[in-house]
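1. Just a sequence and a predicted model for now, questions to come.
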Amino acid sequence: MDDAKNLITEIESYCRRAGVAESTFGRQVVNDGKFVRRIREGKRVTSATIDKIRAFIAANTAEGEAAAPLPAAGNGGNGATHALAAAAPVPTVAAPAAASAPGAGETDSTGRTFRFYDNRQKYLMFVNTCSEKWAVADRVGMELAHIHPRPPALRVFDAGMGDGTVITRVMRNMHRRFPTVPFYIVGKEISLEDVRLTLEKMPDRFFEHPASVLIVTNLYYAEAPALTPRSMAAAASLNWHEVPLSGTSAHDFDEQIKALQPILSEGWQAKASAKTGNPLYVRPSVLVLYREDHRFLLDQIIPRPGNARAAYDLVIASQPYRARMNVHFKVEKVLAPLARSLAPGGRMIGIHSHGRDPGLEIIQKVWPGENPFQDDRHKILRVLKEEVGRNERNLNFNTYSDARALFKYHMHTLPSEISESIGTSTLFAAWNAAIYVAQIEDERLADVITSGAYLDATRDVLKKFGGLWFLDESYVISRRRD
């Protein structure tokens, strides 16, 4: 079993480096799109197949890119299954990451690259002018009523913290419902600026709920739930910092968190993939924060390198992928690893933009027929069920009705701002929100902005609806209790 897992790890490492789906790898090598899945399910692999896989990876590894060699084929007597040797390590950052923070980049089906840092200012303006983070936190809060945590802690995974607004508001709600239950909270985020913004919000959380362990990591989706890099080389270079916070006031905690800036600057360095523009961590990092005066109580909860477990009561996957990405990419690279990390009774809520709202109407006035929101919750869960259903038979996939699944959020405006003469700042904010949600690439904006027609389109929609609002769509994956 361990040897089979090593083989799977090597194939996954190649697929991440090459930016191809496992199903594509299977079709290219053995003409079987379900080949990797069959290995996970216990399919035996012959020596000839191992040699074929090894030759394919060697032939398709770019010069200068360190390939992780597969186990050498041995004597398989009478065609017997090859006994897999221990896997060799793979490079720390050879694999492109899936989308992480809002604005994270991948290459879409048209070959265009949507880069991670290009939309930083758009993101910050959107967050501060629209209520999406509040609405998402409220929707996540609905799931807390169905959570039944088990000792020793209520375990939460945030698959892309962004600026920390959502997880902070959720933590307040968690404290209201579970005031005496210890919290184990993991936030995945590759953006240094977003990690800083998140940590700025945490001193008050440690003061109100002292029995909290907060973990921040830049690991990939397949690695972050267990806080364990998948390659030996990455695991060997893991940048793990455990920081007990002394004192008893929010000011004490804030001062110590501010002092972590050098650690963050070193641990959260990122670079763009030359192939896809995806953000890659330079070094895998984990930061563990908790109150020192609660160390005794939290001793069984505080993770240590190599012994963290991926078993969560709640997983928050809010906008974890780009809307235009292929549905199989969304499922294989993001949603499937998160769904597998659910504990018995755990719930994962996924949220993404829905379209069919005034924001998309602005976009379609400028680019007729534009619609980046191709995969609704029904399609995504159908593909996810096919991907994990056979091995995860105790998962439930809940699309719900539109009345529960869809929710609205608004751009903040004063009643007096939407009048016959709408201010330029309001128009700019509305336009920014529309192109951010629709994920319009920067290179497509130049011609539109020079004409000025975009402001007319924005003004018309704001007057038509008396403001600007958007629709998000949610779905839930839950694991049955033991």
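-> Happy to help now that I have it.
2. tell me what the longest helix that the chain contains is packed against?
-> Secondary structure of the chain per DSSP state H: the longest helix is helix 2-18. When contacts are defined as 3 or more CB pairs under 8 Å, 6 or more residues apart in numbering; DSSP states H and E, helix 2-18 packs onto helix 22-30, helix 35-40, helix 47-59. Every C-beta, even on glycine, is put in place using the N, C-alpha and C of the backbone.
3. in the sheet, who's paired with T217?
-> On the basis of DSSP bridges, T217 is bridged to K188, V286.
4. my bad, M348
-> V315, I477.
5. quick one, what contacts it?
-> Taking CB atoms under 8 Å, 6 or more residues apart in numbering, we find M348 in contact with 312, 314-317, 338-339, 342, 476-478.
6. where does the stretch 251-400 of the chain dip in pLDDT?
-> Along the stretch 251-400 of the chain, segments meeting pLDDT under 70 span 275-277.
7. What ranges does it have for its strands?
-> 270-272, 279-281, 285-291, 312-318, 342-353, 395-398 (DSSP state E, counting those that start in this stretch).
8. Flag every buried residue along the longest one.
-> Buried positions in strand 342-353, judged by neighbour count with 16 or more other CB atoms under 10 Å: 342-343, 345-353.
9. go on, the third one?
-> Within strand 285-291, the residues that qualify as buried by neighbour count (16+ other CB under 10 Å) are 285-291.
10. if we look at it, which residues are touching it?
-> The contact list for strand 285-291 (CB under 8 Å, 6+ apart) reads 202, 206, 210, 212-219, 227, 238-245, 253, 257, 260, 263-264, 267-268, 298, 302-303, 305.
11. Convert it to PDB, retaining C-alpha atoms only.
-> The C-alpha coordinates for strand 285-291 follow below in PDB (Å, rounded to 0.1, in the frame of the first residue of the first chain):
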ATOM      1  CA  SER A 285       5.800  27.700   5.500                       C
ATOM      2  CA  VAL A 286       3.600  27.100   8.500                       C
ATOM      3  CA  LEU A 287       3.000  29.600  11.300                       C
ATOM      4  CA  VAL A 288       1.400  28.400  14.500                       C
ATOM      5  CA  LEU A 289       0.000  31.000  17.000                       C
ATOM      6  CA  TYR A 290      -1.700  30.400  20.400                       C
ATOM      7  CA  ARG A 291      -1.700  32.000  23.900                       C
END
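12. quick one, which of the strands of the stretch 251-400 of the chain is nearest to I167?
-> strand 312-318 (7.1 Å; CB to CB).
13. count of neighbours near the closest residue in space to H209 that isn't next to it in sequence?
-> Nearest non-adjacent residue to H209, counting by CB to CB, 6 or more residues apart in numbering: H175, 4.7 Å away. For H175, the neighbour count with other CB atoms under 10 Å is 17.
14. what does W134 give?
-> Neighbourhood size, W134 [other CB under 10 Å]: 14.
15. Please identify the helix or strand for it.
-> Using DSSP states H and E, W134 sits in helix 132-144.
16. And for G42?
-> Assigned by DSSP H and E, G42 belongs to no helix or strand.
17. about what we covered before: are any of the contacts of strand 285-291 buried, and which?
-> Buried among the contacts of strand 285-291 by 16+ other CB under 10 Å: 202, 206, 210, 212-219, 227, 238-240, 243, 245, 253, 257, 260, 264, 267-268, 298, 302-303.
18. Just those residues: which are in helices?
-> 206, 253, 257, 264, 267, 298.
19. In CSV: those residues, plus distance to Q364.
-> Formatted as CSV, those follow (distance: CB to CB, whole Å):
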residue, distance to Q364
F206, 46
F253, 47
I257, 44
L264, 41
G267, 42
L298, 51
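20. list the buried ones in stretch 404-419?
-> Quick answer for stretch 404-419 (16+ other CB under 10 Å): 405-407, 409-411, 413, 417-418.
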